[in-house]
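> missing the sequence, but the structure's below:
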């Protein structure tokens, strides 16, 4: 799998079937010299190694070969683009999706017809995204796994080796956050006793740029691509039970993670596009299903902080709900907040949406679709007048809906255009 790319390097995630040496060779396009890295796949790490291919230049590609035993595989990687003049800003395409279900081989433990439409992975690869962001439930831990670390690890190995997934893994770079099903049981929270084990597995299988802070474990972190900054949130490790009484102590993200998020938003490029991604929906008004509305005091405090600090250029991404929608949250005296929910990739969509979902007045008309799908975020135009397109596609790659907005509309009134 192609892991995250930076300005002068790119990563490869590699898993073998046995404890054997792994040799990675790459040549940057236009250069004669070849670089080589020798690694050792070990049983203690599920035979996983991560190779960083260095020596690249911004937007440059490199051709690689991976030798493991008698098997040889190859492909290309590309470093991130970089520009200093607004007119030179690159067009970017980010794929998003959540809820990738593969049935357990034993029908006693899972519904055999719950996961379908695996051609969706070829459809995503065909769009040639610069990056894919997995929005949680990227794997469903099932009944045999919840209190058995070896079964959890086997589930990860089996799903990562799933044949229909292979072309997409090598087609683009990948980032991920998690939600309840790749964290633990359904709707699980901070009380899940094996969350340390699932955190180690997530870190092993998703080579994100960072995970948590030295003294605050979790999957949260920051990533960038071009002029986009991604704030990847962990909505499980510190989450209070959904039925916990609401109040200042009930939390979905935890006080330390929220404090980090606020500081990271303030420190981010002032005029840049800030994409906040979480597994659960952020701005749904109400409803019986999971979401930040069940943590009303924490959500209200964060919403007030966004306005008080005049944080601009923020959009939200979420998964989980097995349908797509674009929410537009009007805020007096501030620009509207947009949340793009994209789900499911292969899990079964609902036959009928809940009334609270259907009647939500914040839905952008025509964007609520209950079928298997993935999303694209396209960013185009000069650096000082970027245009964002939110798009949803079905399993065959056919467009379901598209909505566009200008980055300059994600600013407070009277603050159009860039500022120093």
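Good, I have the coordinates. The shown structure was predicted, so the numbers you read here are calculated from the model rather than taken from an experiment.

> tell me where the stretch 51-200 of the chain has strands.
For the stretch 51-200 of the chain, applying DSSP state E, counting those that start in this stretch gives strands covering 61-68, 71-78, 92-97, 131-135, 173-177.

> give me the contact list for the last one.
In this case it means strand 173-177. 1-5, 10, 77, 130-136, 138, 202, 206, 208, 219-220, 223, 230, 232-235, 277-279 (C-beta atoms under 8 Å, 6 or more residues apart in numbering). In this view, the C-beta of every residue, glycine as well, is placed from N, C-alpha and C.

> 7 Å - rerun?
1-5, 131-136, 138, 206, 208, 219, 223, 230, 232-233, 277-279 (C-beta atoms under 7 Å, 6 or more residues apart in numbering).

> do the fourth one as well
Residues outside strand 131-135 that contact it (C-beta under 7 Å, 6+ apart) are 94-98, 124, 172-177, 225, 230, 277, 279, 317-319, 342.

> so where's the stretch 301-420 of the chain shaky on pLDDT?
415-420 (pLDDT under 70).

> and residue 192, what does it touch?
Applying C-beta under 7 Å, 6+ apart, the residues contacting residue 192 are 183-185.

> over to residue 305?
residue 262.

> switch to 10 Å and redo it
258, 261-262, 265, 311 (C-beta atoms under 10 Å, 6 or more residues apart in numbering).

> for PyMOL, what selects the buried ones among these?
Filtering the contacts of residue 305 down to the buried ones (16 or more other C-beta atoms under 10 Å) takes a single PyMOL command:
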select buried, resi 258+261+265+311
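
> mind putting the contacts of residue 305 into TSV with secondary structure?
As requested, the contacts of residue 305 are exported to TSV (DSSP: H, G, I helix; E, B strand; the rest coil):
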residue	secondary structure
258	helix
261	helix
262	helix
265	helix
311	coil
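
> go ahead and confirm residue 267 touches residue 311.
No. Applying C-beta atoms under 10 Å, one finds residue 267 not in contact with residue 311, separated by 11.1 Å.

> what is the neighbour count of residue 217?
17 (other C-beta atoms under 10 Å).

> ok, it touching residue 199?
Yes. With contact defined as C-beta under 10 Å, residue 217 counts as touching residue 199 (6.3 Å).

> name the member of the contacts of residue 192 with the most neighbours.
Neighbour max across the contacts of residue 192 (other C-beta under 10 Å) = residue 183, 25 neighbours.

> the stretch 251-400 of the chain: helices as residue ranges?
Ranges of helices in the stretch 251-400 of the chain, per DSSP state H, counting those that start in this stretch, are 255-267, 296-308, 355-358.

> number of nearby residues for residue 371?
15.

> with residue 375 instead?
That count, for residue 375 with other C-beta under 10 Å as the rule, works out to 26.

> that one pairs with what?
Taking DSSP bridges as the rule, residue 375 bridges to residue 96, residue 392.
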